[in-house]
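Visitor: Just the structure for this:
(chains A, B, C and D)
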4 protein chains.
Amino acid sequence: MGKKVRRIGVMTSGGDSPGMNAAIRAVVRTCAYYHTECVGYYRGYQGMINGESVNMNARSVRNIINQGGTILQSARSKGFLTEEGRARAAENLKRDGVDAMILIGGDGTFRGGQVFSKEHGFPLIGVPGTIDNDIYGTNYAIGYDTALNTVVEAIDKIRDTASSHNRLFFVEVMGRDAGFIALNSGIGAGAEEILIPEENLGLERLLDSLERSRRAGKTSSIVVVSEGDKIGKNVFELADYVKKNLPNYDARVTVLGHIQRGGRPSCFDRVLASRLSVKAVELLLDGKKDLMVGMLNNEIVSCSLDQALKGKHNINKDLLRISEILST
Amino acid sequence: MGKKVRRIGVMTSGGDSPGMNAAIRAVVRTCAYYHTECVGYYRGYQGMINGESVNMNARSVRNIINQGGTILQSARSKGFLTEEGRARAAENLKRDGVDAMILIGGDGTFRGGQVFSKEHGFPLIGVPGTIDNDIYGTNYAIGYDTALNTVVEAIDKIRDTASSHNRLFFVEVMGRDAGFIALNSGIGAGAEEILIPEENLGLERLLDSLERSRRAGKTSSIVVVSEGDKIGKNVFELADYVKKNLPNYDARVTVLGHIQRGGRPSCFDRVLASRLSVKAVELLLDGKKDLMVGMLNNEIVSCSLDQALKGKHNINKDLLRISEILST
Amino acid sequence: MGKKVRRIGVMTSGGDSPGMNAAIRAVVRTCAYYHTECVGYYRGYQGMINGESVNMNARSVRNIINQGGTILQSARSKGFLTEEGRARAAENLKRDGVDAMILIGGDGTFRGGQVFSKEHGFPLIGVPGTIDNDIYGTNYAIGYDTALNTVVEAIDKIRDTASSHNRLFFVEVMGRDAGFIALNSGIGAGAEEILIPEENLGLERLLDSLERSRRAGKTSSIVVVSEGDKIGKNVFELADYVKKNLPNYDARVTVLGHIQRGGRPSCFDRVLASRLSVKAVELLLDGKKDLMVGMLNNEIVSCSLDQALKGKHNINKDLLRISEILST
Amino acid sequence: MGKKVRRIGVMTSGGDSPGMNAAIRAVVRTCAYYHTECVGYYRGYQGMINGESVNMNARSVRNIINQGGTILQSARSKGFLTEEGRARAAENLKRDGVDAMILIGGDGTFRGGQVFSKEHGFPLIGVPGTIDNDIYGTNYAIGYDTALNTVVEAIDKIRDTASSHNRLFFVEVMGRDAGFIALNSGIGAGAEEILIPEENLGLERLLDSLERSRRAGKTSSIVVVSEGDKIGKNVFELADYVKKNLPNYDARVTVLGHIQRGGRPSCFDRVLASRLSVKAVELLLDGKKDLMVGMLNNEIVSCSLDQALKGKHNINKDLLRISEILST
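Guide: Numbering: from 1, shown residues only, chains lettered A, B, ... in the order given. Predicted coordinates:
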């Protein structure tokens, strides 16, 4: 184990997600609780390179637990992909007297951290925050639960108008490589079909299913499509294809877009962010490093960053079956 | 004045809007209160042509005041554009014993009603319901206030992520011919710029304004764009144009789409729908016809359908000035 | 007209209301737009007495338009009721170089301002902000529309459980002297009965009405009661009285309390706050003083503070009739 | 294993919770999917005794997945506590041709079912639905996640006004015997203190903690109190006690009450209700009986009703530690 940690840095990186502020708050307050200093870096790795930092105490984070976004801001940093960039970041941390870092973000964030730790020996702990939920080592990443609620509330609204007009709506949700959002929000919103990157059920099946729905007396339908769905058509092409083949349908498209990243975090995400971040600080104070904290089976756990990056968080394919049963 | 009205028909037509159910409820309950029968027609004029109707009593409309959409559904009817279509609708109304109709919808709905009334002599009253708010004779149409709240809540979420990433967002809102939604939601959401169909301020001005914002220290910006903005570029072209001319900006686009039509009506829309619809029934019972009810200066009033259709509801251009001042 | 105004003070006082931050933002940005300095005082008159102030510029108010509460905080000040207190406040304003004040609040706030202006000659403009909406000279005070939405959303939730259990709920809402919230939220929430301070319909009538509802097949009922209802019983006594006289009912009480003061402002309140506050600054710059701005018939107007304080904003009693019809 | 199940009854009982409709929908649709008939009973055991039932098919449950409350209504039945009552219920089920029952509710519901099953041999499966989350055999009961969100949203609003006025708020939440809601919503809402039935930390500690908060510069505080907190004082007495001992504080009380039971279910609760209910039907079709379905460690599992009733679902006391750290 290394020397005692006296000053911890914290940053948020990659796509922002609701609950990141709750995580920052918990890092800062836990440091205060353990009489450890805390420094925030702005805009993720870019702020570390530029030396844009701020000393944080318990009062710096008041009234942010319920705010979307991240008060430390986020960014993707090209500079950090270079050795020089990382070296400058390390110098800045040293100059600021920072002994260890807490990184709040997703895969890309942790990958950068892994390299940085190897090159410069800074102990670090990753805290998973991404609405996509595609992180191994945790059942839930911060922001995912909120994004699901945002999506089902939006689809509830779309269903109001779909039902009033007997329409078919294709709703594109986020998730380029992972169908977590589409699958769960699709079930939650009562979608007739859910298209995800992990599974190609084919266009024929979609047409069949829609026809069957119509004959079963359904007068409106919602199809939830993940950004990266396997059929490989984007949502507008999909809608056109269906319109051509099922001319009876009045098909429309809605791309939910960036509203999915914002908004006040749900209680679940606030508690999750709080628990994960308390643990992250306590691990550093305990001399641990290069771990990612996570929640598995309702317990706060940790695994090595290597494991987190090598592993794959798979969707629960039984949910596809549930969806099929419920769209009867 | 014609014969006494004993049985009133009600329908919703055109684009649905939040609060239409509150209006239906108020029509049905007011009929019950005055011991007058009430018949609902499904899918607007199409249901009148097809004879798809349902007898409604006070209990038929329980627990709908807070629901989006319309339980009577809505549609645009090509058949009603033809003389035969309208004749069949008239026959169905006669067969159902309906003496008068209440039409809940927008311009297109009232235009159809006007022709129908002239050809077949059915007394009718229009109740303005459209999120676009582009109806003469009322300060507010049912659904507009709710749509504004939906839009500002969505932009609040987008701002969370915009602020976290120093981004410029172009947000397209509904309003093909009228900038009511864009102008008011733009001020409500604190947008830096608002582009509406009524006013062409030019692309140069937009670039200048964004540059000025950046130099003034703003690190993120929201531009609200009405579907039918005067510059004539759609929102994606606009974003591309800005990206080309202001390469420092990381510009993104969100098209809010049909979420704007759905959702639980605001208190304002529920009260408005209730007051307008009570008045509509009372006017019919009072022997009046071919009027549109409206709210002007907080009073419930009525004007002839002809006036409503000839007049133009103009936006308050002073709001553009307010927007400019507040994006300082 | 007095000397040119170069430095404007702003404060919020009395009960806070959603949209006060949007008003502060608009005051500050309008000052910036007109190259006028702006100073905020904390905790209303108390901060003026204590000299707790902060210089504000356009960036001081970023990202607050959608936040509930008030960043300048609010308080009721006993000190300001004394001559000495007001004298100290005047000294502090002079020392800070403040030429004129904008007061955001309700009746009590304006009354204090009136005395202060007479004694010390500071030009001031009142901006009406109170969820109670009991201010003469404006159809809407800032925060009232948001409070109505908060109340109907809460009652929607209560109705879910009331309907599931065939229960009668008494819901107490704010409004000690004015029934605006009760009357409008009651109609918006589809309440069976609404009890307000302005009208005593008697307990007998309430029992009759509830009995009639039950016989008409209603299985659950909501009664909205204003804090200061005329019957003079508080909501718990009312519920007990009804339970004793109508033992078939399973009656419950909910006191909504302070949730009505908080929450993100509605679009309506944000736009209203923005328009009123731009006007307030412009009036001061134009040499006007001792006025209250208001919105009458959708236009921004002003009246003297004296008028505002002498006049009475009456509820629209026709709404009681609407409520009776709709609870058929 | 008994005879093949051809007709399944479903009911909701006890306190209603958000997501019960999603559960009913899933039961009905899963029956339809497996070509099994489905009958709904109104008002729980009372409807079984009265023979108030309705045949349900896939279309009976359209557009209810997002509605609070329960379309089958709920009740507590005194009749079912008697042998005669249960015998009449059994007769009605037989007459209706029902082979097995699915009971959606909490402890009390399952206890009634257990007796009924022993006396009359009807196979039954329990689906846990209660906002209190005090059911052994599942990490989450239907409605609990939604209630947490309702509570934190309400406290967010209260915090707006608390912060604006430097006030101390005591907020009472549901949970007579279990502190799940208080503990998790308290962390989610950033409460300074959380009082729960499971733990008596004493009044002295509360006063100390509030004093410490004040000295640490906190200007407003929220204390979340469970209905059944161990200190044994109700929330109004608590507030009085604190006011007497810490006269500097302006303390207020809010009792959240029945808004916690209503509202649109969160995505989490919709998916949970769907998964549990599909499983419940499949278990019956598979010849199983007298089980409760649950979600443990993200898997859908089942245990015997006996176990569910004997076991105790304990709160995670580590959360008290988290709360203490974060209120630093």
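Visitor: Poorly predicted segments of the stretch 151-300 of chain A, please.
Guide: Applying pLDDT under 70 to the stretch 151-300 of chain A flags no residue at all.
Visitor: residue boundaries of the helices in it?
Guide: Using DSSP state H, counting those that start in this stretch, the helices of the stretch 151-300 of chain A run over A:180-188, A:203-215, A:235-245, A:267-285.
Visitor: do you know which of these lies nearest chain C?
Guide: helix A:267-285 (15.8 Å; C-beta to the nearest C-beta). Every C-beta, even on glycine, is put in place using the N, C-alpha and C of the backbone.
Visitor: Tell me how far the closest one lies from the chain's centre.
Guide: Taking C-alpha atoms, centre = their mean, to the nearest Å, one finds helix A:267-285 lying 16 Å from the centre of the chain it belongs to.
Visitor: excluding its backbone neighbours, what's nearest A:V115?
Guide: A:R86 (6.9 Å; C-beta to C-beta, 6 or more residues apart in numbering or on different chains).
Visitor: so that neighbour sits right up against A:G113, yeah?
Guide: No. Using C-beta atoms under 8 Å, A:R86 makes no contact with A:G113, being 10.2 Å away.
Visitor: which of these two has more neighbours?
Guide: A:G113 (26 against 22; other C-beta atoms under 10 Å in any protein chain shown).
Visitor: packing partners for whichever strand or helix holds that one?
Guide: Here A:G113 sits within helix A:107-120, counting by DSSP states H and E. Judged by 3 or more C-beta pairs under 8 Å, 6 or more residues apart in numbering or on different chains; DSSP states H and E, helix A:107-120 is in contact with helix A:83-95, strand A:100-105, strand A:124-128, helix A:305-310.
Visitor: which residues touch the residue of the stretch 201-328 of chain A found nearest chain B?
Guide: Closest contact between the stretch 201-328 of chain A and chain B, by C-beta to the nearest C-beta, is at A:G262 (3.1 Å). Residues near A:G262 by C-beta atoms under 8 Å, 6 or more residues apart in numbering or on different chains: A:18, A:68-69, A:150, B:156-161.
Visitor: Now tabulate the residues you listed in TSV and tack on neighbour count and distance to chain C.
Guide: Listed next are the contacts of A:G262 as TSV, based on neighbours: other C-beta atoms under 10 Å in any protein chain shown; distance: C-beta to the nearest C-beta, whole Å:
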residue	neighbour count	distance to chain C
A:P18	34	15
A:G68	27	11
A:G69	27	9
A:T150	28	15
B:D156	23	5
B:K157	25	10
B:I158	26	12
B:R159	27	7
B:D160	28	9
B:T161	27	13
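Visitor: from those, which is closest to B:R25?
Guide: A:T150 (29.3 Å; C-beta to C-beta).
Visitor: Isn't the closest one up against A:G263?
Guide: Yes. Between A:T150 and A:G263 there is a contact at 5.4 Å, judged by C-beta under 8 Å.
Visitor: how much space between the closest residue in space to A:L207 that isn't next to it in sequence and D:K310?
Guide: Leaving out its chain neighbours, the residue that sits closest to A:L207 by C-beta to C-beta, 6+ apart is A:N245, at 5.5 Å. Separation of A:N245 from D:K310 (C-beta to C-beta, to the nearest Å) stands at 56 Å.
Visitor: Between these two, which is the more surrounded one?
Guide: A:N245 (14 against 10).
Visitor: Let me know whether the more buried one touches A:D208 as I believe.
Guide: No. A:N245 is beyond contact range of A:D208, at 10.6 Å (criterion: C-beta under 8 Å).
Visitor: ends of stretch A:8-25, how far apart?
Guide: 13 Å (C-alpha to C-alpha, to the nearest Å).
Visitor: try stretch A:282-298
Guide: First-to-last residue span, stretch A:282-298, C-alpha to C-alpha: 18 Å.
Visitor: A:V54 belongs to a strand, doesn't it?
Guide: Yes. Counting by DSSP: H, G, I helix; E, B strand; the rest coil, A:V54 is part of a strand.
Visitor: quick one: contacts for it?
Guide: Contacts of A:V54 (C-beta under 8 Å, 6+ apart): A:39-40, A:42, A:60.
Visitor: List the buried residues in stretch A:209-216.
Guide: Across stretch A:209-216, burial judged by 16 or more other C-beta atoms under 10 Å in any protein chain shown covers A:209-210, A:213-214.
Visitor: Report whether that stretch contacts chain D.
Guide: Yes. Using C-beta under 8 Å from any C-beta of the partner chain, stretch A:209-216 comes into contact with chain D via A:A216.
Visitor: ok, A:R6 - contacts?
Guide: A:R6 makes contacts with A:36-37, A:97, A:99, as judged by C-beta under 8 Å, 6+ apart.
Visitor: and if we set it to 7 Å?
Guide: Going by C-beta atoms under 7 Å, 6 or more residues apart in numbering or on different chains, A:R6 touches A:36-37, A:99.
Visitor: now, among the residues you listed, which is nearest to chain B?
Guide: Closest to chain B, out of all of the contacts of A:R6 and judged by C-beta to the nearest C-beta, is A:E37, at 24.5 Å.
Visitor: And the pLDDT for the closest one?
Guide: Listed pLDDT for A:E37 reads 98.
Visitor: Identify the residue nearest the geometric centre of chain A.
Guide: In chain A, the residue lying closest to the centroid (C-alpha atoms, centre = their mean) is A:T130, at 1.6 Å.
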